[in-house]
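S.K.: model the structure of this input:
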Amino acid sequence: MGSRGSIEWTAEANPSSLTVETARAWREIGVNRLSLGVQSFDDRALAWLGRLHDAREARAAIDRARTAGFDDLSLDLIFGLPAAVSRRWRWELQQAIGSGVSHVSAYGLTAEPETPLGRRVALGRVSLPDSGSYAIEYRITAEELESHDFVQYEVSNFALPGHECRHNWHYWIGTEYLGVGPSAHSYIRGRRIWNVRHWKAYRAAVLAGESVRAGHEIPSVTQRRLEALWLGLRTRRGIDLDVFGLPSTAVEGWIARGWASRQGTRVRLTTGGWLLLDELVATLAARMKEDETG
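M.R.: Just a heads-up that it's a prediction; the model follows:
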């Protein structure tokens with residue numbers, strides 16, 4: 001792996017559109033980390049997902065990135081596809097590991113209401129896997145990657161030591177960040193800001209010297225605490241119970257069930273706990289609310 005400088009600049013690309021020329025141009029202006037939306041190394045899964053590339057093109061894109069000089073490479077993969085989409089998930093993870101990348105982001109398939117998949121699910125044309133199948137593939141992900149020295153430093157992210165995605169940490173620990181481009185979000189001085197969504201509107205505003213801001217909000221103290229709780233438990237660092245005014249007894253049941261581990265007042269979730277993330281956060285949030293009101 002190449003050494004990393006003091007600044008990390010990440011670009012994202014689809015395998016079907018990445019060229020050596022584009023990748024080299026990014027390297028020349030300072031981009032030093034590349035994330036490829038591979039999603040799968042199985043042609044059947046890629047076709048079902050509606051991706052423009054196949055497995056051969058995914059591998060070729062990784063080679064093009066290497067040719068352009070990228071040492072820090074990350075792959076996005078999707079698990080939790082319907083049972084009807086036959087695939088070999090562990091084998092796909094091995095393909096990612098064997099490609100020599102330093103980072104893997106593995107996301108479970110979700111069906112958002114306004115997407116084509118969401119509409120197909122709502123009409124009963126597609127059935128998503130049950131929680132048991134989803135959990136099995138999630139555990140396989142952690143098991144396979146960690147057996148090859150990848151560290152699960154966040155619920156969906158795995159990296160070789162020293163290759164964690166730096167800009168993501170800014171979101172997870174609540175520091176300020178600036179988003180540039182259509183739909184980009186920023187967090188500055190306690191205010192969330194988002195830009196206009198569509199490219200034409202964004203471009204027109206820039207050319208006219210007008211603001212590209214579409215809206216903003218200022219989270220309340222309670223909202224910020226709940227967000228810090230949820231984001232903290234998403235990461236390997238976990239949370240400090242004292243910071244949230246929670247007693248150690250609040251997580252004793254989690255530890256007994258293997259959902260969490262504790263060192264002093266710091267608690268972090270295990271792979272099994274991450275599968276229950278939203279439910280566990282809701283439990284602690286309710287406990288905090290009780291303490292505040294009672």
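S.K.: just the strands from the protein, written as ranges.
M.R.: Taking DSSP state E to define them, one finds strands in the chain at 10-13, 33-39, 72-79, 103-108, 151-154, 157-159, 185-188, 191-195, 213-217, 239-240, 260-263, 266-269.
S.K.: residues in contact with residue 279?
M.R.: Not one residue lies near residue 279 by C-beta atoms under 8 Å, 6 or more residues apart in numbering. Every residue, glycine included, has its C-beta placed from N, CA and C.
S.K.: swap in residue 12?
M.R.: Counting by C-beta under 8 Å, 6+ apart, residue 12 has contacts 34, 35, 36, 37.
S.K.: mind checking how far the last one is from residue 132?
M.R.: In this case it means residue 37. Using C-beta to C-beta, to the nearest Å, we find residue 37 at a distance of 28 Å from residue 132.
S.K.: between these two, which is the more surrounded one?
M.R.: The neighbour count for residue 37 versus residue 132, taken as other C-beta atoms under 10 Å, is higher for residue 37 (21 against 7).
S.K.: so what's that one scoring on pLDDT?
M.R.: What the model reports for residue 37 is a pLDDT of 96.
S.K.: so it sits against residue 76, correct?
M.R.: Yes. Using C-beta atoms under 8 Å, residue 37 is in contact with residue 76, at 4.8 Å.
S.K.: residues near the closest residue to residue 99 other than its chain neighbours, how many?
M.R.: Among residues not flanking residue 99 along the chain, residue 62 sits closest, at 5.2 Å (C-beta to C-beta, 6 or more residues apart in numbering). Residue 62: 22 surrounding residues under other C-beta under 10 Å.
S.K.: contacts only, for residue 62.
M.R.: By C-beta under 8 Å, 6+ apart, the neighbours of residue 62 are 15, 36, 38, 73, 75, 99, 101.
S.K.: so how far is residue 214 from the third one?
M.R.: Looking back up the chat, that one is residue 38. Taken as C-beta to C-beta, the span from residue 38 to residue 214 is 31 Å.
S.K.: ok, those two, which is more surrounded?
M.R.: residue 38 (28 against 16).
S.K.: how near is that one to residue 55?
M.R.: 9 Å.
S.K.: for residue 202, same thing?
M.R.: Taken as C-beta to C-beta, the span from residue 202 to residue 55 is 34 Å.
S.K.: what does residue 94 give?
M.R.: From residue 94 to residue 55 the distance is 13 Å (C-beta to C-beta).
S.K.: show me which of these two is the more surrounded one.
M.R.: residue 55 (18 against 15).
S.K.: my guess is that one meets residue 44, correct?
M.R.: No. In this structure, residue 55 is not within contact of residue 44 by C-beta under 8 Å, at 9.6 Å.
S.K.: what's opposite residue 193 in the beta bridge?
M.R.: residue 186, residue 216 (DSSP bridges).
S.K.: just checking, it touches residue 213?
M.R.: Yes. Between residue 193 and residue 213 there is a contact under C-beta under 8 Å: 5.9 Å.
S.K.: I'd like the distance between the residue nearest to residue 24 when sequence neighbours are not counted and residue 21.
M.R.: Residue nearest to residue 24 in three dimensions, not counting chain neighbours: residue 68, with 4.5 Å by C-beta to C-beta, 6+ apart. To residue 21, residue 68 is 8 Å away according to C-beta to C-beta.
S.K.: for the two, work out which one has more neighbours and name it.
M.R.: residue 68 (20 against 10).
S.K.: give the contact list for that one.
M.R.: 20, 23, 24, 26, 27.
S.K.: and the pLDDT at the third one?
M.R.: Residue 24 is assigned a pLDDT of 97 by the prediction.
S.K.: where exactly do the helices run in the stretch 101-250 of the chain?
M.R.: Using DSSP state H, counting those that start in this stretch, the helices found in the stretch 101-250 of the chain span residues 116-122, 131-146, 166-173, 199-207, 221-234.
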